[in-house]
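Chemist: Below is the sequence, then the predicted model.
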Amino acid sequence: MSSRLQDLQDFLYKLHPLSRKTEELISQYTNFILLKKGAYLFKPGMDHRTLYFLVKGVVRGYRKYKGEEITTWLNEEGEMITSISNIGLDQECEEYIQTLTECELIGIPADKVDFLFANCSEIPVITKLLLEDNYRGAEERAFISRIPSAEEKYFRFVEKHPGLINRIPLKYSASYLGMRLETLCRIRSKRVLTT
């Protein structure tokens with residue numbers, strides 16, 4: 001078994017033990033993907049019915065509003081990635097999911113995920129746990145967006161994702177935090193001066 005597939009199975013196993021049958025099916029149904037920085041996993045017009053496990057790299061989700069890109073989430077290694085807004089819906093995805101670094105991923109097509117869900121008793125349990133984790137992440141993003149102080153938003157983000165801020169362009173961090181790039185640069189330089 002490749003070490004990348006083992007990474008996925010270890011991730012799933014931490015959520016719930018996998019049967020040998022499930023491990024074998026996951027091995028059959030997954031494929032390894034290597035993407036360059038700036039590539040798209042999803043964008044309008046693309047098939048969005050694949051679930052990905054991010055083995056290595058950083059990915060962002062964003063939407064466009066009046067010509068501007070608004071970063072809605074950022075993920076790094078060890079996360080499952082898909083267009084959450086379209087799960088279970090057969091309609092075009094409005095979300096863009098883009099690599100911010102070179103990325104190694106494992107993809108599972110939606111029909112195979114559906115098969116695993118219907119035929120492997122641990123997959124519904126794992127799905128429930130993943131959805132709970134996504135809800136917690138969405139709640140944290142909603143909380144950060146409501147913090148009135150730009151400086152406190154930044155500190156909260158750094159506290160929750162200490163290594164991520166230095167791995168992505170500042171313009172995407174600023175968009176995620178709902179502030180102007182100049183504001184984020186000022187906060188970061190002020191922090192450097194006080195440490």
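Modeler: Cool, the structure landed. Residues are numbered from 1 along each chain as shown.
Chemist: alpha carbons only for contacts and neighbour counts from here, please
Modeler: Will do.
Chemist: Do I have it right that residue 16 meets residue 120?
Modeler: No: if you go by C-alpha atoms under 8 Å, residue 16 and residue 120 don't touch, sitting 12.0 Å apart.
Chemist: helix or strand right after the helix or strand where residue 171 lies?
Modeler: Per DSSP states H and E: residue 171 is located in helix 170-177. Downstream of helix 170-177, the next assigned helix or strand under DSSP H and E is helix 181-194.
Chemist: which residues make contact with the helix ranked longest in the chain from outside it?
Modeler: As assigned by DSSP state H, the longest helix anywhere in the chain is helix 122-146. Contacts to helix 122-146, defined as C-alpha atoms under 8 Å, 6 or more residues apart in numbering, come from residues 12, 15-19, 73, 116-117, 153, 156-157, 177-178.
Chemist: returning to what we had before: what is the rounded mean pLDDT of the helix holding residue 171?
Modeler: Averaging pLDDT along helix 170-177 yields 93.
Chemist: That one to helix 122-146, inter-axis angle?
Modeler: Relative orientation of helix 170-177 versus helix 122-146 (axes from the mean of the first three to the mean of the last three C-alpha atoms, to 10 degrees): 90 degrees.
Chemist: tell me how far helix 170-177 is from the chain's mean position?
Modeler: 15 Å (C-alpha atoms, centre = their mean, to the nearest Å).
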